[in-house]
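In: Model the structure of this input:
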Amino acid sequence: MAKPASPAKVKEAKAAITYFGSASTPADNGTNTANPTSVTPPANMQKGDLVILIAAARATSGTISMSNTGGQTWTALTQRNASANRSNIFWAVFNGSWSANPSVTMGSTTNNIVVMHVFRPTNTNYSWAVDVPESSGTYSAPASPYTVTINGITTNTDGALVFAAWTSSDDNTWGSLTSGWSTPGSAQYRNTSGNDQSVTAAYLIKSPAGATGDVSKNQTAYGGDAGTKYIIAFKEVAPTTTLGNGTDPSNSTNGPGTTNYLDQFSFVTDSGTDTVTGLTVITTNTSAIASVKICSNDDSCTTQYFNTVTSPDGNNWNFSGGTSISVTTSTSYYRVVITAKDHSSLAEGTYAVTGYVSAFTCTNTQAGSDSAGTTITIDNAPPSNASWGTITPGDQQVALNWSNPGSDFYKVLILRKAGSSVTDAPTEGTEYSVPGTIGDSTIIYVNNGTSFTDTGLTNGTDYYYKIFAYDQYKNYASGAGTGPHQPFAPSISITISDGTVEYGIVPKNTAKTTLSSDMPPSGDMQTVNYDTNVTVNINIKGNNASGGGCTWTLASSTGTDQYVHQFCNATDNSCSSPPTNYTALTTSYQTLKSGVSGQGSVDFHLRLITPTESSCYGEQSVNVNVQAVQP
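Out: Numbering: from 1, shown residues only. Model prediction:
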């Protein structure tokens, strides 16, 4: 059975540089002695064309130079001076518009020739550069068959344009060009003004790169004349689109679900325009990112380029579609903008995100780079729990105290529930206010303090609380619970035993105490008995004395109808050495003993000092009041 024939292999042709056209002053076999000499470029030239000018003068002196550039930028080769024949070559990349016909100063008004050859690149955006520098010189009058040979060169770039030129000091015709080479324009350009001269050229598109071999032409008429010769190679230069780093934003920390400006980058071409049709951004901590987009360089993302990417390939975010980026010779800046995952999609922790443009797609040659100069920290880590302090139930209220965490703290949220423990919790990323509820629990406090009294409660009901610390990104701690705490109606009861003191007959300006030394055999110490379910202060106050025919005023020192009454806490102090530890009573309450609760007692002694003088001498009576009050 015959084996099927393999399909023929087809070699794809590479686009090549092309010869476009020529112009000269004068035309072949014409006359010209103008100095400077101008030339009219071929019609329909395009931006990016390579323009080569050969200028030759039938003179023995003078410098050949451009006198009118025509709006182009020219590069001169080396002027060569043969016997009665001087020449130079100039080249330029056409910028798309002639401001005037270019002209060359020849140094004399003898026989002058200017020839223009135009070559077209494979892409109108391309520019030109020298691939192999010129090799030039003069040659002597050749012997028959009047062949003039230019040594070959070795090109570096595949498809380079190799250009050779000859000038001579007679109106020679030229022929017998080396095989493989082509003649641009006419076979030669002769000037027959008096002393004649001639210019001819050849070109080769060298593919692949390498040695060209020598190139020769014969002077087929009037042969045997000296002159100059040149060879040079040009290459196309694709325009370059350069990626730049830009000025990155400052580092920052933000919460889950936020949109953040991560990176700035730029694009610019060295010539013409280009279009970036796709690019790749590489990020770190990619798991924290929900999406990435490319924006114009403004906070509002006025223009979004490409489609938003939500599914990275590893750490690579590959952009395409949507609006492509148009690049010109003016630098433009762009932003990489990320949206962090929300609380529910992101594991607890902090994520340091960086990013940069690592690659892009365009027509031009690529250069430059971007770098990750900014770190955006996505904070999805809650603070530590707040810790409960003293919790004190009271009448229809519970006084709460706590300590807040020392770092990464913003506020606390406190929930209350009656009858059972708080099992509800705030939603990450949500900030709450009072009044409000979460599930079956009531929000009673949202702020950054360390104490709060929960009022309006029902006495006898068990209440449970849970406190949640959170940071500015609304990351909530797990919460700390407490309870039950039961408010109650206060019950306060006090009695005084024995409640009566008999000072007896006391001379004026005389002190007497309830100590046994003044009231033998056992004295008359008084006792406050208390029974309370709340913490209270035991307070005491005196009064003016009356009943003996006049009134004695209670004071801090004695005088006429002015007496002193003092007390001493015998439970906490020694009262045996008056006036030490004795305090003068006033008509306002003073603390006898503070902070007592439950059942107990407080003992105290009294000390009376009679007035220095009295307007009456009868039996005086005075009340001493004792109270128990909550602080």
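In: Next, the residue positioned nearest the centre of the chain: phi, psi?
Out: By CA atoms, centre = their mean, the mean C-alpha position of the chain lies nearest to residue 249, the distance being 3.3 Å. With angles defined as degrees, to the nearest 10, residue 249 sits at phi -70, psi 170.
In: Enumerate every residue touching it.
Out: 261-264, 374 (CB atoms under 8 Å, 6 or more residues apart in numbering). C-beta: built from backbone N, CA, C; applies to glycine.
In: which of those residues tops the neighbour count?
Out: residue 263 (27 neighbours; other CB atoms under 10 Å).
In: Tell me which strands the one helix or strand that one maps to pairs with, and in which orientation.
Out: Using DSSP states H and E, residue 263 falls within strand 259-269. As defined by DSSP bridges, the strand partners of strand 259-269 come to strand 240-244 (antiparallel), strand 332-340 (antiparallel).
In: Tell me where the stretch 401-550 of the chain has helices.
Out: Using DSSP state H, counting those that start in this stretch, no helices are found in the stretch 401-550 of the chain.
In: which stretches of it aren't confidently modelled?
Out: The model of the stretch 401-550 of the chain has no residue with pLDDT under 70.
In: okay if I get the strands paired with strand 259-269 as JSON lines plus mean neighbour count and distance to residue 127?
Out: What follows is the strands paired with strand 259-269, written out as JSON lines (neighbours: other CB atoms under 10 Å; distance: least, CB to CB, whole Å):
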{"stretch": "strand 240-244", "mean neighbour count": "20", "distance to residue 127": "10"}
{"stretch": "strand 332-340", "mean neighbour count": "21", "distance to residue 127": "21"}
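In: mind listing what residue 394 touches?
Out: Per CB under 8 Å, 6+ apart, neighbours of residue 394: 487-488, 490, 534.
In: Specify the beta-bridge partners of it.
Out: On the basis of DSSP bridges, residue 394 is bridged to residue 397.
In: What count of nearby residues applies to the nearest residue to residue 170 once chain neighbours are set aside?
Out: Once flanking residues are discounted, residue 170 sits nearest to residue 225: 4.2 Å by CB to CB, 6 or more residues apart in numbering. Neighbour count of residue 225, defined by other CB under 10 Å: 25.
In: ok, back up a step: return the set of buried residues in the next helix or strand after the strand holding residue 263.
Out: Using DSSP H and E, the helix or strand that directly follows strand 259-269 along the chain is strand 274-276. Neighbour counts using 16 or more other CB atoms under 10 Å place 274, 276 of strand 274-276 among the buried residues.
In: where does strand 274-276 sit relative to the chain's centre, distance-wise?
Out: How far strand 274-276 lies from its chain's middle: 26 Å, per CA atoms, centre = their mean, to the nearest Å.
In: other SSEs contacting that strand?
Out: strand 325-327 (3 or more CB pairs under 8 Å, 6 or more residues apart in numbering; DSSP states H and E).
In: mean confidence score for the strand it packs on?
Out: Averaged across strand 325-327, pLDDT comes to 97.
In: Could you export the strands paired with strand 259-269 as a markdown table, including distance to residue 594 and mean pLDDT?
Out: Shown next, in a markdown table, are those (distance: least, CB to CB, whole Å; pLDDT from 0 to 100):
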| stretch | distance to residue 594 | mean pLDDT |
| --- | --- | --- |
| strand 240-244 | 75 | 96 |
| strand 332-340 | 55 | 98 |
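In: can you tell me which of the ones you listed comes nearest to residue 149?
Out: With distances scored as CB to CB, the stretch of those nearest to residue 149 is strand 240-244 (38.4 Å).
In: For whichever helix or strand comes after the closest one, what is the distance to the chain centroid?
Out: Following strand 240-244 in sequence order, the next helix or strand is strand 252-254 (DSSP H and E). How far strand 252-254 lies from its chain's middle: 9 Å, per CA atoms, centre = their mean.
In: pLDDT below threshold where in the protein?
Out: Across the chain, the ranges flagged by pLDDT under 70 are 1-14.
In: tell me the domain ranges of it?
Out: Domain assignment for the chain by automatic domain parsing gives 18-237, 240-380, 387-485, 492-629.
In: and the ones you listed, which is most packed in?
Out: Stretch with highest mean neighbour count among the domains of the chain: domain 18-237 (a mean of 19; mean count of other CB atoms under 10 Å).
In: Leaving out sequence neighbours, find the closest residue to residue 542.
Out: Nearest to residue 542 is residue 585, by CB to CB, 6+ apart, at 3.1 Å.
In: same question, residue 199
Out: Once flanking residues are discounted, residue 199 sits nearest to residue 189: 4.6 Å by CB to CB, 6+ apart.
In: measure the one you found to residue 306 for me?
Out: Separation of residue 189 from residue 306 (CB to CB, to the nearest Å): 54 Å.
In: Then residue 437?
Out: Taking CB to CB, one finds residue 437 at 45 Å from residue 306.
In: try residue 66
Out: Going from residue 66 to residue 306 by CB to CB gives 47 Å.
In: got it, and residue 428?
Out: Residue 428 is 31 Å from residue 306, by CB to CB.
In: next one: phi and psi at residue 344?
Out: Dihedral angles (degrees, to the nearest 10) for residue 344: phi -70, psi -20.
In: Kindly apply the preceding question to residue 345 instead.
Out: The phi/psi pair for residue 345 (degrees, to the nearest 10) reads phi -100, psi 0.
In: so how far is residue 340 from the closest residue to it other than its chain neighbours?
Out: Sequence neighbours aside, residue 290 is the residue nearest to residue 345 in space, at 7.0 Å (criterion: CB to CB, 6+ apart). Look at residue 290 and residue 340: by CB to CB, they are 6 Å apart.
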